[in-house]
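**Student:** predicted model, plus sequence, below.
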Amino acid sequence: SAIQQEENCIERDSRDRPSSKLQSAIYYALDGDQVTILTMLAQRSEDPWNGIFRARKPLLHAACERGAWRCTQFLVTERTDEIHILKDEYYPIHYAVLHDSKFLELLINAGADTTVRTCTQQMTLLHVVLLVAHKSAEDTVSTIRLLLDHGCKELINTPDSLGNTPLHALIVRYALEEAQYGYDKWNKWDVLHLVRYLIQSGARQSINHAGNSAVACVLRHVRDWDVCYELLNMLLHEGGDPNMVGRDGSVPLMVCLVPLINKDPLHHFTHSMKVCYLNCIRILLKEGANPNCSYRANLTPLHVLVFTVSENITLNCDVQKELNFEFIKNLLILLLTHGLDPNVRVSNRTQHILQSCMDMIQNVRDCKDIHYVYDLTLTLVQYGANPDLSLNMSEAIKNHPLHLQSIWKTKNYILYYYIMLISRKENLIMDPNMSFSKIIMLFYLIMQHKPLFECLKILHTQQLSLVPGKMTEPLTCIIRDLYKRPRSLKQICRVKIHNCLGRKPGLFINKLNLPNQLKDYLLSFEP
């Protein structure tokens, strides 16, 4: 017979090739869920599965893995000892949760331990259901409910070897759904229902898991900003800490902002995505996120936004550039209104954020791009940036002809720094519209009297020392005119009010009982 012939072949060649044909036959029996054939093959040659196939998976593991229902029913009663055997990281129950709930119920009723974990990754059955099983949302809920009712409730906040609790695993699973990695598609309401169910079942503690915030996990993995906002809203209202760090040591706010350093995300943001993104930032700030946080000690939200504006200026598409800038400006204002400090030291090289704004002049290719630098500078001074700051910037002016004269290095205001930078940009100096003068006028109208005219005196003396020419004439005319013309009483009063409001008219102007026209005058710093 065919079976006898195969047996003879196995006996002749068993030392060299341990019965791959018999192995295939057993797997064929499992795949076809044929209990009779499986029994016949397993009993041959004094049970070859335990002899020749000692290194292979036990039959119960294989039956559960392949979803052979009748074979699993048979093996649970015939090979009860295999229920508690660990093989290749998994117990049979780990395979059972991947299939219909009846497999899990069968093993639980047969005495399987639901608290077992994989060896290397330390995943509980809840982790396996969420990360490995390709189940629909409805089946996932029913499987989790079954596990929680049979001993897994005490493991609901247990992390795996990466520090991910089942709640984190659920968030990652939804991210895989979004990326369409062959999972059954979950929609927004599915994941919200599952997260709420886990929290109500005892996973609230996992939201602020030490060193792995679920809030940061959402922002790191979920791509759909609408879903991201809904998840953040739920987690924060359930006690989520917006200042708890994620796995990489970043607080949620920085997890959200750092990707903006790459120009691609902004290019792909639709209007609705930008609205949802701003709402995510807004809810984090509203719930207490620190806008003056940092990433790895030196990268702050202010750094990210100013760098993003600087990179955005180099884009060639004017429409895209304008849309991007408007979005970044709205984001900056949102952070400033929630306590972002524009006067913190930026880096060892750059002392103040206004200095970074002036540095953008070096990236300006077209005269009209100065408008972006002006708009950003105006926004910062409306919310507290100090325009009177005296900077040490000998490195910045070392190429200037008068660098060696000590007077030019002792009084270095931001206005002075800007003029040093602009004086080297021939394409900007020769602009017929003199767009560069907008920023000079802004500082003229906002600085206090003493530092302003001290700076103008130095600049005036310096310009007179230079050899007249087409490159020096525009600046010389402006500086001479400003130095010799005092500000009007109305302009002086505006500076006084600006300082009385803590240099933050953007925050407090609406609290003053003033006509709208006067409010606009105090905010705009137009002549």
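**Tutor:** Okay, I see it.
**Student:** and the end-to-end length of stretch 82-102?
**Tutor:** 18 Å (CA to CA, to the nearest Å).
**Student:** give me the contact list for it.
**Tutor:** When contacts are defined by CB atoms under 8 Å, 6 or more residues apart in numbering, stretch 82-102 is touched by residues 57-61, 64-65, 67, 69, 72, 75-76, 103-104, 106-108, 110-114, 116, 118-121, 125, 128-129, 132-135, 139, 142-143, 146-147. To be clear about C-beta, it is placed using only N, CA and C from the backbone, and glycine gets the same treatment.
**Student:** likewise stretch 256-274?
**Tutor:** By CB under 8 Å, 6+ apart, the residues outside stretch 256-274 that reach it are 219, 225-226, 250, 277, 280-281, 284, 295, 299, 301, 304-305, 307-308, 311-312, 315, 320, 324, 327-328.
**Student:** buried stuff in it?
**Tutor:** 256-258, 260, 266, 269, 273-274 (16 or more other CB atoms under 10 Å).
**Student:** could you do stretch 330-341 as well?
**Tutor:** By 16+ other CB under 10 Å, the buried positions in stretch 330-341 come out as 331-332, 334-336, 338, 340.
**Student:** could you do stretch 444-462 as well?
**Tutor:** Per 16+ other CB under 10 Å, stretch 444-462 contains these buried residues: 444-447, 451-456, 458-460, 462.
**Student:** pull the distance from that stretch to the chain's centre.
**Tutor:** Offset of stretch 444-462 from its chain centre (CA atoms, centre = their mean, to the nearest Å): 43 Å.
**Student:** just the CA atoms of it, as PDB, please.
**Tutor:** C-alpha atoms of stretch 444-462 as PDB (Å, rounded to 0.1, in the frame of the first residue of the first chain):
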ATOM      1  CA  TYR A 444      12.500 102.300  15.600                       C
ATOM      2  CA  LEU A 445       8.800 102.400  16.700                       C
ATOM      3  CA  ILE A 446       9.100  99.700  19.400                       C
ATOM      4  CA  MET A 447      12.500 100.200  21.200                       C
ATOM      5  CA  GLN A 448      12.800 102.400  24.300                       C
ATOM      6  CA  HIS A 449      14.300 105.800  23.800                       C
ATOM      7  CA  LYS A 450      17.800 105.400  25.300                       C
ATOM      8  CA  PRO A 451      18.800 102.100  23.700                       C
ATOM      9  CA  LEU A 452      17.300 103.200  20.300                       C
ATOM     10  CA  PHE A 453      19.100 106.500  20.000                       C
ATOM     11  CA  GLU A 454      22.300 105.000  21.400                       C
ATOM     12  CA  CYS A 455      22.200 102.400  18.600                       C
ATOM     13  CA  LEU A 456      21.200 105.000  16.000                       C
ATOM     14  CA  LYS A 457      24.100 107.200  17.100                       C
ATOM     15  CA  ILE A 458      26.600 104.300  16.600                       C
ATOM     16  CA  LEU A 459      25.100 103.400  13.200                       C
ATOM     17  CA  HIS A 460      25.000 107.100  12.100                       C
ATOM     18  CA  THR A 461      28.700 107.500  13.000                       C
ATOM     19  CA  GLN A 462      29.600 104.300  11.300                       C
END
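**Student:** what does it contact?
**Tutor:** 381, 387-388, 390, 402, 407-408, 411, 413, 415-416, 419, 443, 479-480, 482-483, 487, 491-492, 494-495, 498-499, 525-527.
**Student:** I'd like to know which of these are buried.
**Tutor:** Taking 16+ other CB under 10 Å as the criterion, what is buried in the contacts of stretch 444-462 is 381, 387-388, 390, 408, 413, 415-416, 419, 443, 479, 482-483, 487, 491, 494-495, 498, 525.
**Student:** out of those residues, which are inside helices?
**Tutor:** 381, 408, 415-416, 419, 443, 479, 482-483, 491, 494-495, 498 (DSSP state H).
**Student:** show me which pair in those residues is furthest apart.
**Tutor:** Maximum pairwise distance in these, criterion CB to CB, is 30.1 Å, between Trp408 and Arg494.
**Student:** now the end-to-end length of stretch 243-257.
**Tutor:** Start-to-end span of stretch 243-257 (CA to CA) is 14 Å.
**Student:** correction: the previous question concerned stretch 425-436.
**Tutor:** 10 Å.
**Student:** I'd assumed His99 was in a helix, is it?
**Tutor:** No - looking at His99 with DSSP: H, G, I helix; E, B strand; the rest coil, it is coil, so not inside a helix.
**Student:** number of residues surrounding it?
**Tutor:** Residues lying near His99 (other CB atoms under 10 Å) number 20.
**Student:** number the chain from 26, please
**Tutor:** In the new numbering, first residue 26, that becomes His124.
**Student:** distance check, it against Ala88.
**Tutor:** From His124 across to Ala88, the span is 10 Å (CB to CB, to the nearest Å).
**Student:** next: Ile504.
**Tutor:** Taken as CB to CB, the span from Ile504 to Ala88 is 88 Å.
**Student:** what does Ser381 give?
**Tutor:** Taking CB to CB, one finds Ser381 at 65 Å from Ala88.
**Student:** the two: who's more crowded?
**Tutor:** Counted by other CB under 10 Å, Ser381 and Ala88 do not tie: Ala88 has more neighbours, with 31 against 21.
**Student:** residue contacts, the more buried one?
**Tutor:** For Ala88, the contacting residues are 55, 96-97, 100, by CB under 8 Å, 6+ apart.
**Student:** redo these as CSV? Include pLDDT.
**Tutor:** CSV is the format used below for the contacts of Ala88 (pLDDT from 0 to 100):
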residue, pLDDT
Leu55, 81
Cys96, 89
Thr97, 92
Leu100, 89
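**Student:** and the residues you listed, which is closest to Asn538?
**Tutor:** Asn538 lies nearest to Thr97 out of these, by CB to CB, at 78.3 Å.
**Student:** ok, the closest one touching His86?
**Tutor:** No - applying CB atoms under 8 Å, one finds Thr97 not in contact with His86, separated by 10.2 Å.
**Student:** for those two, indicate the residue with more neighbours.
**Tutor:** Taking other CB under 10 Å, Thr97 and His86 do not tie; Thr97 has more neighbours (28 against 24).
**Student:** is the more buried one in a helix, a strand, or coil?
**Tutor:** Each residue gets one of three states, and Thr97 gets helix by three-state DSSP.
**Student:** give me the element the closest residue to it other than its chain neighbours is part of.
**Tutor:** Nearest non-adjacent residue to Thr97, counting by CB to CB, 6 or more residues apart in numbering: Ala88, 4.5 Å away. Using DSSP states H and E, the element containing Ala88 is helix 84-90.
**Student:** so what are the domain limits for the protein?
**Tutor:** For the chain, automatic domain parsing gives the domain ranges 26-138, 159-274, 282-366, 382-552.
**Student:** make a markdown table out of those domains and add distance to Thr375.
**Tutor:** Output for those, formatted as a markdown table (distance: least, CB to CB, whole Å):
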| stretch | distance to Thr375 |
| --- | --- |
| domain 26-138 | 51 |
| domain 159-274 | 24 |
| domain 282-366 | 9 |
| domain 382-552 | 7 |
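**Student:** where along the stretch 126-275 of the chain do the helices fall?
**Tutor:** Counting by DSSP state H, counting those that start in this stretch, the stretch 126-275 of the chain has helices at residues 126-134, 150-156, 162-172, 191-203, 213-225, 239-246, 250-262.
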